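A.B. asks: just to be clear, the model below is a prediction. Sequence and coordinates:
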Amino acid sequence: MRKTNKILAGILSAVVLMSPVTTWAGPSITDEVVVVEDSVGKYIVTDKIEDAEVFTTLETEDKEMTDLIKEVNEGTKDVEAFTEKLSATLETVTDENAKAALEKTVNEIKEKKLDFLTGFMSLEAADGATVEKNENGKYDVMIHVPILKDTLKDVNILYYNKELKTWEIIEPVAVDFEKQTIEFEAEDFSLFAVLANIENA
């Protein structure tokens, strides 16, 4: 009996270790992501997304989406479920720019075989900070992601564009695996998650 229990425990441990959602995403990683270098004092990154204005607005427009975001953060839903939701949303989008952005996002996730490296977070201005946009009309943001490793491929930012009301893939300006930092440009303060191909990680 004891031998059987040990074998079952070993199998369960292996399943947990092999699960991408359990290993990579969820609050255990997300709450350790912070802004660094020039972004300190300008921005904050928080995993308390329910308090963010963009989240509450999105919740009134698409409750199914915000429920899914929560489930991703809890580690109970994966990138496949999220991509299915985006694909279903495509059928209802009428704005051509939003539709093109959403199609590009779905295609990139599938083609690059991206997965959640973190859960969803909210990018916000730090209290009392005066933040200016760069010459591209965007905010320069640098974050530290403690799980970032050089065995990852195609590190990208999944970002909610508030103006278009759609999800976009942002290619980082720079990824430093040694410092475990990602630098990217954001249109506005909004929700985002870090994605990557984790097949060889």
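C.D. replies: Looks like it arrived, so ask away. Here the structure is a predicted model, which is why all the values come from computation and not from measurement.
A.B. asks: so what does the one helix or strand Thr60 maps to touch, helix or strand wise?
C.D. replies: Taking DSSP states H and E as the criterion, Thr60 maps to helix 53-61. If contacts are counted by 3 or more Cβ pairs under 8 Å, 6 or more residues apart in numbering; DSSP states H and E, helix 53-61 sits against helix 63-74, strand 191-197. Any C-beta I mention is one placed from the backbone N, CA and C, and that applies to glycine too.
A.B. asks: check which residues of it are buried.
C.D. replies: 54-55, 58-59 (16 or more other Cβ atoms under 10 Å).
A.B. asks: now swap in stretch 119-134 and tell me
C.D. replies: The neighbour-count check on stretch 119-134 (16+ other Cβ under 10 Å) flags 119-124 as buried.
A.B. asks: what lies in contact with stretch 36-53?
C.D. replies: Outside of stretch 36-53, the residues within contact range by Cβ atoms under 8 Å, 6 or more residues apart in numbering are 27, 30-31, 33-35, 55-56, 69-70, 73, 119-126, 129, 131, 139-144, 181, 189, 191.
A.B. asks: got a list of what the closest residue to Val36 other than its chain neighbours touches?
C.D. replies: Nearest residue to Val36 in three dimensions, chain neighbours excluded: His144, at 4.6 Å (Cβ to Cβ, 6 or more residues apart in numbering). Neighbouring residues of His144 by Cβ under 8 Å, 6+ apart: 33-36, 179-181.
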